[in-house]
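Colleague: Show me how the following folds:
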Amino acid sequence: MKGAGQLATLIKIYTDKMKHVADYNESHKLRYELGDKVGELDLADVQKEIIAYISENLVTKVWVNAHEWIGSVLNHPSPAYIDYLLQILDEEDTNAPHYWALDAIEYMPEEMTELAIPGLKQRIEPINPSWSYAVIEKYFETIVWNDEDAEKFISSFVDSPNEMVAFRAKYWMETFEVEREEDAEGED
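Modeller: Numbers count the residues shown, from 1 in each chain. Okay, here's the model as predicted:
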């Protein structure tokens, strides 16, 4: 990125620190510390930096430290990110942070996530061919946890020509059925 802002500087400092720790727990601790520091930054400045990062990487396809950049959305959530996160999902580059975009959407405050649901639903068929199995799994999880009509929506993909989509849809339909049976047993 051109001029490094406060968020870019923090991400650089913490990713450099994370490279030098051998222990996963220490790395995890540094990631939380980074989140705390990001939370102390000015919302407007962070938003400008994150949007600039995403916009630039949609062109360059580099995505350096995407986990930290996209994860910073959760420290300063805003509906302004939704369109950019959805654009990441459209990227047919396997290097694009599809998973982290879905993670950010899933864990944003409910009223913001609800704004993304219609856009998410438009992206399942035809599915982006660069989505990995983990991304498809995360896609369904994001829909299930954030959409009241998830079961109805997912039921239409049980017979999808895409095997991975059909598998996840069947999994969730079975899960919904088990939950209904458990609820019915609990009522007895």
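Colleague: which residues sit in contact with I143?
Modeller: Counting by CB atoms under 8 Å, 6 or more residues apart in numbering, I143 makes contact with I117, L120, K121, A150, F153, I154. In this view, the C-beta of every residue, glycine as well, is placed from N, C-alpha and C.
Colleague: for this protein, what's the longest helix?
Modeller: Ranked by number of residues, the top helix in the chain under DSSP state H is helix 163-187.
Colleague: List just the nearest of the contacts of I143 to E33.
Modeller: L120 (31.0 Å; CB to CB).
Colleague: mind listing what I70 touches?
Modeller: Counting by CB under 8 Å, 6+ apart, I70 touches I50, I54, L85, I88, P97, W100, A101, D103, A104.
Colleague: and the closest residue to N95 other than its chain neighbours, how far is that from P97?
Modeller: Leaving aside its sequence neighbours, N95 sits nearest to W63 (CB to CB, 6 or more residues apart in numbering; 5.6 Å). Per CB to CB, to the nearest Å, W63 is found 6 Å from P97.
Colleague: Compare those two and say which one has the larger neighbour count.
Modeller: Remark: of W63 and P97, P97 carries more neighbours, 24 against 21, as counted by other CB atoms under 10 Å.
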